[in-house]
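Visitor: coordinates for the following, if possible.
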Amino acid sequence: MLLDHELLDADPWALGVENGWIDLRSGTFHEPDAKKLMMMQAPVTYEPGAAAPRWERALTEWLPDPEVCSYFQRLVGEAVVTTVRDHLLVLIYGGGGDGKGTAIGTLATIKGVSCFFG
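Guide: The predicted structure is shown next:
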């Protein structure tokens, strides 16, 4: 079967997970759907109501200013959506041991390199 590669992962607002996909516009979880032709998948299982206490604590440790923390979370959301909405160059700087590598490593593990390069 021939298939135009443009049809694969065509919905930039769909985040594939191991047990289905999430509409990032609404946060709604959907069962797997072969018609979506999703090839990219985050290596996580969606669990409604799941908490991430270590991640939330880390954010407040790394980014104690609530405005900066909120902005970082919006940047993460921007990175997860696979379409360019804003043209951004994000520079993360600081001394050693302040969480930069851990934060970026966590995002890369969840979303893969596509969260950095679209």
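
Visitor: what separates the residue nearest the centre of the chain from Asp65, distance-wise?
Guide: In the chain, the C-alpha nearest the mean C-alpha coordinate belongs to Val80, at 3.3 Å (Cα atoms, centre = their mean). Distance, Val80 to Asp65, using Cβ to Cβ, to the nearest Å: 23 Å. Where C-beta positions appear, they are placed from N, C-alpha and C, glycine not excepted.

Visitor: thinking again about what came up before, how close does the residue nearest to the centre of the chain sit to Asn19?
Guide: From Val80 to Asn19 the distance is 17 Å (Cβ to Cβ).

Visitor: likewise Met1?
Guide: Separation of Met1 from Asn19 (Cβ to Cβ) stands at 26 Å.

Visitor: which of the two has more residues huddled nearby?
Guide: Higher neighbour count among Met1 and Asn19: Asn19, with 12 against 2, using other Cβ atoms under 10 Å.

Visitor: contact partners for that one?
Guide: 31-32, 45-46 (Cβ atoms under 8 Å, 6 or more residues apart in numbering).

Visitor: pick out the most distant pair among those.
Guide: Greatest spatial distance among the contacts of Asn19 (Cβ to Cβ): Glu31 and Thr45, at 12.8 Å.

Visitor: need phi/psi at the nearest residue to Leu75 once chain neighbours are set aside.
Guide: Leaving aside its chain neighbours, Leu75 sits nearest to Val90 (6.1 Å; criterion: Cβ to Cβ, 6 or more residues apart in numbering). Dihedral pair for Val90: phi -100, psi 120, per degrees, to the nearest 10.
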